[in-house]
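Asks: sequence and predicted structure below; questions after.
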Amino acid sequence: MQFNSFTFLAFFAATFALYCCCSHRWQNRLLLAASYLFYAAWDYRFLALLLTYTVVNYLAGAKIGGSPSQRVRKSWLLVSISSSLGILGFFKYFNFFVENLNALCIAIGLGECAGVLHVVLPVGISFYTFQTLSYTIDVYRQKNEPAPSFFDFALYVAFFPTILAGPIERAGNLLVQIGAERKITPELFHASAFLILFGLFEKVVVADNLAALVNSIYGSDSGDGLNVLIATYAYTFQIFADFDGYSNVAKGIAGLMGFRLVTNFNAPYFSDSPSEFWRRWHISLSSWLRDYLYIPLGGNRAGTAMTVRNLIVTMLLGGLWHGAGWMFICWGAFHGLLLAVWLVFREAISRVPPLVRRLLFFHLICFSWMIFRAESMAQLQAQLQALLFDFDPVPDAGQLLLIRKLLFYSAIVVVYQYLQYRTARLIPVFDWPPAVRAASYVMLFYMIVIFGFNSAQSFIYFQF
């Protein structure tokens, strides 16, 4: 079931109707059953894996929180970290390392050294791995108490709005709300309904239509530099609209049931530095990497050289988190270098006018998405060669059509991000007059009906 499908609409309508009739305790039991059903709809075999994560980390949290012995606490933390990362590593990275080991063995004349396994990557595993790890680590750091109820903790791990692609929720936010009575206020209901509407618009109108444009160029052998540039801009807005759309729908669905999830995106393309970008892009992941990797490595406490090392290591692992492939690692390395360069030369860069900084950094982000989207270094090299050596700035009729599509599908998202940036509000339309606000809702609805794809397209981040 995908959020942008009629199957999910029926599933959520039934769940929500029952939810409104239950007491708090039975609301949680209902949501747990619904979450397992939702996850099983993707592949029921991986319910056992999800239960394994839940049982191991619940026991680890209980043992860590209930023991006065530091040795015992560390031992159980190690159980949590090693088991969670071990399972993630097997499903997501085993074949990647075997393939690279075989390539090395062949290069030195030994032939293949190991065989790959045909395993299916469990959907959402990267997200609930990080979510459960944040729980046990925070209990170890005494930031949170252990979960008092196994069923509440199981719901925290499997909560269906977030399990597939986040946001990566901390126990201090989501688990606390699971354990407390929830109230659906008119303001929360209104905001949640709008987030669902706008999130679906971002996905089915903007992201899915731009995906067709991107695939038609990146999937061909066209050596035209202008085509590559158009596709790069299109992918820049496609991946934002796709993931921000998912996050908005997830936040809205949870909000209709009284939950308040963290904000995952906040006008990232108006950033003027790498550090600001990562405060605005995929906030739940970037804050996780900061709190559980960058700061434990030493953060910025040991001088510039060590800070640069910590930034690059953090972003390399952040790139690897996205997928088992060298292009993801290169993408992470590029962002690590950006952070390092901005850190070392920040005083000189600060003298550049803000608008110039934003334009420069936006295009560096566009280049990073070229790395992220490329299937191989050879493909990236061919695209860069086309941009540099085969670029005709005068578009032909076909390219003019592509440019018009790009502008049409990305314009509302760009304007809305700008309003978010200027007003510092997640939902700036709430400041508009009622008539204008109502007209905007009607426009979004009809654009979904008219321009949305008939068949549901998977969200990009499901593969991570």
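Replies: That came through fine.
Asks: which residues are contacting stretch 39-56?
Replies: With CB atoms under 8 Å, 6 or more residues apart in numbering as the test, stretch 39-56 has contacts from 1, 36, 79-80, 83-84, 87, 120, 122-125, 128-129, 132, 150, 153-154, 157-158, 160, 163-164. Heads up, the C-betas are built off the backbone N, CA and C, glycines and all.
Asks: residue nearest the centroid of this structure?
Replies: With distances taken as CA atoms, centre = their mean, the residue of the chain nearest its centroid is H282 (5.4 Å).
Asks: which residues does the nearest residue to it once chain neighbours are set aside contact?
Replies: For H282, ignoring the flanking residues on the chain, the nearest one in space by CB to CB, 6 or more residues apart in numbering is N264 at 6.2 Å. N264 makes contact with 166-167, 243-244, 247, 251, 282-284, according to CB under 8 Å, 6+ apart.
Asks: next one: Q131
Replies: 156-157, 162, 168-170.
Asks: pull the most distant pair out of those residues.
Replies: V157 and R170 (12.6 Å; CB to CB).
Asks: looking at the protein, which helix is longest?
Replies: Counting residues, the longest helix found in the chain (DSSP state H) is helix 70-107.
Asks: ok, back up a step: for ChimeraX, write the selection for the buried entries among the contacts of N264.
Replies: To isolate in ChimeraX the members of the contacts of N264 that are buried, counting by 16 or more other CB atoms under 10 Å, one can use:
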select :166,167,243,244,247,251,282,283,284
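Asks: turn the contacts of N264 into JSON lines, columns for secondary structure.
Replies: Formatted as JSON lines, the contacts of N264 follow (DSSP: H, G, I helix; E, B strand; the rest coil):
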{"residue": "G166", "secondary structure": "coil"}
{"residue": "P167", "secondary structure": "coil"}
{"residue": "F243", "secondary structure": "helix"}
{"residue": "D244", "secondary structure": "helix"}
{"residue": "S247", "secondary structure": "helix"}
{"residue": "K251", "secondary structure": "helix"}
{"residue": "H282", "secondary structure": "coil"}
{"residue": "I283", "secondary structure": "helix"}
{"residue": "S284", "secondary structure": "helix"}
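Asks: among the contacts of N264, which two are most distant?
Replies: K251 and H282 (13.8 Å).
Asks: quick one on the thing from earlier: V157 and R170: which is more packed in?
Replies: For V157 versus R170, neighbours defined as other CB atoms under 10 Å are more numerous around V157 (26 against 21).
Asks: distance of the closest residue to the more buried one other than its chain neighbours from I81?
Replies: Leaving aside its chain neighbours, V157 sits nearest to T54 (4.9 Å; criterion: CB to CB, 6+ apart). In this view, T54 and I81 are 16 Å apart by CB to CB, to the nearest Å.
Asks: show me the contacts of Q131 that map onto strands.
Replies: If you go by DSSP state E, the contacts of Q131 have nothing in strands.
Asks: that older thread, which ones among the contacts of stretch 39-56 lie within helices?
Replies: Filtering these for helices - DSSP H - leaves 36, 79-80, 83-84, 87, 125, 128-129, 132, 150, 153-154, 157-158.
Asks: which among the residues you listed end up buried?
Replies: Neighbour-count burial (16+ other CB under 10 Å) applied to the ones in helices among the contacts of stretch 39-56 gives 36, 79-80, 83-84, 87, 125, 128-129, 132, 153-154, 157-158.
Asks: from those residues, which single one is nearest A378?
Replies: Using CB to CB, I125 comes nearest to A378 of these, at 29.3 Å.
Asks: any weak-confidence spans in the chain?
Replies: For the chain, residues meeting the criterion pLDDT under 70 lie at 116, 221-223, 453-456, 463-464.
Asks: and the gap between the residue sitting furthest away from the middle of it and L155?
Replies: In the chain, the greatest distance from the average C-alpha position (CA atoms, centre = their mean) is reached by G109, at 40.9 Å. Using CB to CB, G109 is found at 54 Å from L155.
Asks: just give me the neighbour total for V415.
Replies: Other residues within reach of V415, judged by other CB under 10 Å, total 10.
Asks: what helix or strand does it sit in?
Replies: helix 397-423 (DSSP states H and E).
Asks: kindly report the same for D272.
Replies: Using DSSP H and E, D272 falls outside every helix and strand.
Asks: identify the residues contacting the closest residue to it other than its chain neighbours.
Replies: Computed as CB to CB, 6+ apart, the closest residue to D272 that is not its neighbour in sequence is R357, at 3.9 Å. Taking CB under 8 Å, 6+ apart as the criterion, R357 is in contact with 272-273, 349.
Asks: one more: L297?
Replies: Contacts of L297 (CB under 8 Å, 6+ apart): 309-310, 313-314.
Asks: hmm, try it at 6 Å
Replies: If you count contacts by CB atoms under 6 Å, 6 or more residues apart in numbering, L297 has them with N310.
Asks: against W342, how distant is it?
Replies: According to CB to CB, L297 and W342 sit 18 Å apart.
Asks: switch the buried ones among the ones in helices among the contacts of stretch 39-56 over to TSV; also include distance to K183.
Replies: Output for those, formatted as TSV (distance: CB to CB, whole Å):
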residue	distance to K183
Y36	26
V79	37
S80	33
S83	37
S84	33
I87	37
I125	33
Y128	27
T129	32
T132	28
F153	22
A154	23
V157	24
A158	23
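Asks: for those residues, work out which two are farthest apart.
Replies: Checking these with CB to CB, the most distant pair is Y36 and V79, at 24.1 Å.
Asks: for P353, grab the count of nearby residues.
Replies: P353 has 9 nearby residues by other CB under 10 Å.
Asks: how many neighbours does T304 have?
Replies: Neighbours around T304, by other CB under 10 Å: 11.
Asks: ok, S149 next?
Replies: For S149, the count of nearby residues is 15 (other CB under 10 Å).
Asks: and if you look at S350?
Replies: So S350, with other CB under 10 Å, has 12 neighbours.
Asks: ditto for F96
Replies: 18.
Asks: for Y135, same thing?
Replies: 28.
Asks: which ones are touching it?
Replies: Going by CB under 6 Å, 6+ apart, Y135 touches A171.
Asks: tell me the spacing between it and K92.
Replies: Distance, Y135 to K92, by CB to CB: 20 Å.
Asks: and for the residue lying closest to A386 once chain neighbours are set aside, the neighbour number?
Replies: Take A386 and drop its neighbours on the chain: the residue closest to it by CB to CB, 6+ apart is G225, 4.3 Å away. When neighbours are counted by other CB under 10 Å, G225 registers 19.
Asks: roughly how far apart are G225 and F430?
Replies: G225 is 43 Å from F430, by CB to CB.
Asks: ok, so of the contacts of Q131, who is nearest A378?
Replies: I168 (33.4 Å).
Asks: isn't that closest one up against I283?
Replies: No. Using CB atoms under 6 Å, I168 is not in contact with I283; the gap is 9.4 Å.
Asks: how close does L50 sit to N264?
Replies: L50 sits 22 Å away from N264, going by CB to CB.
Asks: that concludes my questions; thank you for your assistance.
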